[in-house]
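**Q** return atomic coordinates for the entry below.
(one chain, ligands or ions: 1)
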Amino acid sequence: MTAATPGEAQANAAPVVLAADRVSFSYGRGAEVLHDVSLALVPGESVGLVGESGAGKTSLLRLLLGLGAPTSGEIRFEGHALDRRDTRSMLAFRRAVQPVYQDPFSSLDPRMRVGDSVAEPLRSLGIAGGRTERAARVTELLESVGLPADAAERYPDAFSGGQRQRIAIARALAPEPRVILADEPVSALDTSVRMQVIELFQRLARERGIGLLLVSHDLTIVAALCRRIAVLEGGIIVEQGETRSVLTEPRHPYTRRLLDSVPRLP
Ligand SMILES: Nc1ncnc2c1ncn2[C@@H]1O[C@H](COP(=O)(O)OP(=O)(O)OP(=O)(O)O)[C@@H](O)[C@H]1O
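**A** Okay, here's the model as predicted:
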């Protein structure tokens, strides 16, 4: 038996922050793209969501972000079904659940200084603070993702893809989220910086007790980062569990096929 890391110990005891509970979904009158999906996120634990293109990963993420409503089943935040009419709990939800997207070139406004981009959630989510307080918070956030404080005064085009993704992560951290939902956050980056950004996610999740859902088609990255894994095929979670056991003893033929398509796992 191996000792649990602090993140794991916390995860084992922590209550579920965000969950999909028997969620099915279709776009308009189209066919169902998610069928009876259940997935739970707890503070400090990283879950990898893997599956081939079209499996429904992004659709599930959008529902977990409250950007659409399930056709049946529920998205639950802190034990309650999301209710758009309840503005107070929706505000708490929007603070607590933050996205990080795939393409750091389009997710940052090129006309906004980096500091303003990072501070934007503080303003839009009504989080207290005057100018000085916000500036100090932006400095702290940029430093926590390994960027110099003077980055705040510059524009996104002064930064590489990896640095831009760090800026996007700093912005996601601004409202002190309990969960980050990351959709292929390193697949647009050079291979050489992918692991650095992944390690940053890992460190932040551990140090700040943030739950992370990492959508990826890359099993190597999920194996490196995530304690749990959920495998989605055709809108159905065909396998879910501890990453180590799922990847060493996959039970579902689809997981085996996914594994076979990876040249070598670390
Ligand atoms: N806006 C939309 N309207 C209608 N159908 C959609 C829409 N977005 C996605 N779909 C369909 O839903 C299914 C799931 O797509 P989704 O993007 O969630 O999969 P994915 O696993 O994230 O794929 P990828 O890895 O390529 O991003 C696909 O069949 C897709 O064609």
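**Q** need the longest helix for this protein.
**A** Criterion DSSP state H: the longest helix present in the chain is helix 191-208.
**Q** so is the next helix or strand after that one next to the ligand?
**A** The first helix or strand that comes after helix 191-208 along the chain, using DSSP states H and E, is strand 211-215. No - using Cβ under 6 Å from any ligand atom, strand 211-215 stays clear of the ligand, with a minimum separation of 6.9 Å. In short, each C-beta sits where N, CA and C put it, glycine included.
**Q** repeat that for stretch 69-78.
**A** No - applying Cβ under 6 Å from any ligand atom, one finds that stretch 69-78 is not in contact with the ligand, the shortest distance being 12.6 Å.
**Q** identify the residues contacting the longest helix of the chain?
**A** For helix 191-208, the external contacting residues (Cβ atoms under 8 Å, 6 or more residues apart in numbering) are 5-7, 44-46, 144-146, 160-162, 165-166, 169, 173, 176, 180, 182, 185-186, 189, 210-212, 214, 221, 224-225.
**Q** quick one: residue 23 is in a strand?
**A** Yes - residue state for residue 23 (DSSP: H, G, I helix; E, B strand; the rest coil) corresponds to a strand.
**Q** what count of nearby residues applies to it?
**A** For residue 23, the count of nearby residues is 25 (other Cβ atoms under 10 Å).
**Q** tell me the pLDDT at it?
**A** What the model reports for residue 23 is a pLDDT of 98.
**Q** what residues does the stretch 151-266 of the chain put near the ligand?
**A** Contact residues (Cβ under 6 Å from any ligand atom) of the stretch 151-266 of the chain with the ligand: residue 217.
**Q** and whichever residue of the stretch 151-266 of the chain sits closest to the ligand, what's its pLDDT?
**A** Of the residues in the stretch 151-266 of the chain, the one nearest the ligand is residue 217, at a distance of 5.8 Å by Cβ to the nearest ligand atom. In this model, residue 217 is scored at 82, pLDDT.
**Q** residue numbering should commence at 254 henceforth.
**A** Sure thing, new numbering starts at 254, so read that last one as residue 470.
**Q** okay, which residue is most central for this protein?
**A** Against the mean C-alpha coordinate of the chain, by Cα atoms, centre = their mean, the closest residue is residue 434 at 2.0 Å.
**Q** so where's the stretch 354-503 of the chain shaky on pLDDT?
**A** By pLDDT under 70, the weakly predicted segments of the stretch 354-503 of the chain are 381.
**Q** what about 90?
**A** By pLDDT under 90, the low-scoring segments of the stretch 354-503 of the chain are 355-361, 375-388, 401-402, 440-449, 451-452, 454-459, 469-474, 476-478, 501-503.
**Q** which residues of it fall in helices?
**A** Secondary structure of the stretch 354-503 of the chain (DSSP state H, counting those that start in this stretch): helices at 367-377, 384-397, 414-426, 444-461, 472-478, 496-501.
**Q** would residue 346 count as being in a helix?
**A** Yes - for residue 346, which was evaluated using three-state DSSP, the result is membership in a helix.
**Q** in space, what's closest to it - neighbours in sequence excluded?
**A** residue 330 (4.8 Å; Cβ to Cβ, 6 or more residues apart in numbering).
**Q** bridging residues for the one you found?
**A** According to DSSP bridges, the partner residues bridging residue 330 are residue 271, residue 333.
**Q** what about it, how many residues close to it?
**A** Residues within reach of residue 330, counting by other Cβ under 10 Å, total 24.
**Q** quick one: contacts for it?
**A** Contacts for residue 330 (Cβ under 8 Å, 6+ apart) come out as 270, 271, 342, 345, 346, 349, 350.
**Q** are any of those buried, and which?
**A** Burial of the contacts of residue 330 was assessed by neighbour count (16 or more other Cβ atoms under 10 Å); the buried members are 270, 271, 346, 349, 350.
**Q** report the two of those residues separated the most.
**A** When the buried ones among the contacts of residue 330 are compared pair by pair using Cβ to Cβ, the farthest-apart members prove to be 270 and 346, with a separation of 9.9 Å.
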